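> 3D model of this:
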Amino acid sequence: MSLFDHEHNIGDAPPGLIDAEDRTINQRIASYLIGFVIAAILTVGSFFLLGENLVWGPAIPVAIAVLAVAQIGIHLVFFLHVTTAPDNTNTVMALGFGVLIVALIIAGSIWIMGHLNQNMAPMDQIMQMQR
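Just a heads-up that it's a prediction; the model follows:
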């Protein structure tokens, strides 16, 4: 039995499964509304977290990062319909490639700025050279 030989139960289909064409418009709208509500709760939660003293001060960036990653996951599943279904392999690979490129650009920029900062003359010496 291969991955493609099984039948899907529409009730068990994740929000982004392409095989779920038999879902009614109400079920599709409900899926989008559920994603919207969860994303809104995560957004409001991050602002609430910053405004209140619920989390220890140095741990706030970690808490915000966790909420951001959770929101990325919600957007991928409910709005971009990225799932682990076999027909989404190319989408997941393209997403991974995009993440790799963005990470390389950010890491390369930080590396370049760090080396420029280390190898440049101090500003007072540069100003004296211009006189």
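
> If you count residues, where's the longest helix of this structure?
Longest helix in the chain by number of residues, with DSSP state H as the criterion: helix 89-119.

> what comes up buried for the helix or strand just after that one?
Secondary structure here is assigned by DSSP states H and E; on that basis, the next helix or strand after helix 89-119 toward the C-terminus is helix 123-130. Across helix 123-130, burial judged by 16 or more other C-beta atoms under 10 Å covers no residue at all. The way it works is simple: take the backbone N, C-alpha and C, and place the C-beta from them, glycine included.

> Just checking the distance from helix 123-130 to the centre of its chain.
Between the centre of helix 123-130 and the centre of its host chain there is 44 Å, according to C-alpha atoms, centre = their mean, to the nearest Å.

> What of stretch 54-68?
The gap between the average C-alpha position of stretch 54-68 and the chain average comes to 16 Å, counting by C-alpha atoms, centre = their mean.

> Please apply the same query to stretch 74-82.
Its chain's average C-alpha position is 10 Å from that of stretch 74-82, according to C-alpha atoms, centre = their mean.

> and the residue nearest the centre of the chain, how far is that from residue 51?
Within the chain, one residue has its C-alpha closest to the average C-alpha position: by C-alpha atoms, centre = their mean, that is residue 72, at 3.1 Å. From residue 72 across to residue 51, the span is 23 Å (C-beta to C-beta, to the nearest Å).

> Residue 104 too?
Between residue 104 and residue 51 the distance, using C-beta to C-beta, works out to 35 Å.

> again with residue 23
39 Å.

> Compare these two (neighbour count), which wins?
Shown here are residue 23 and residue 51; by other C-beta atoms under 10 Å, residue 23 has more neighbours (16 against 8).
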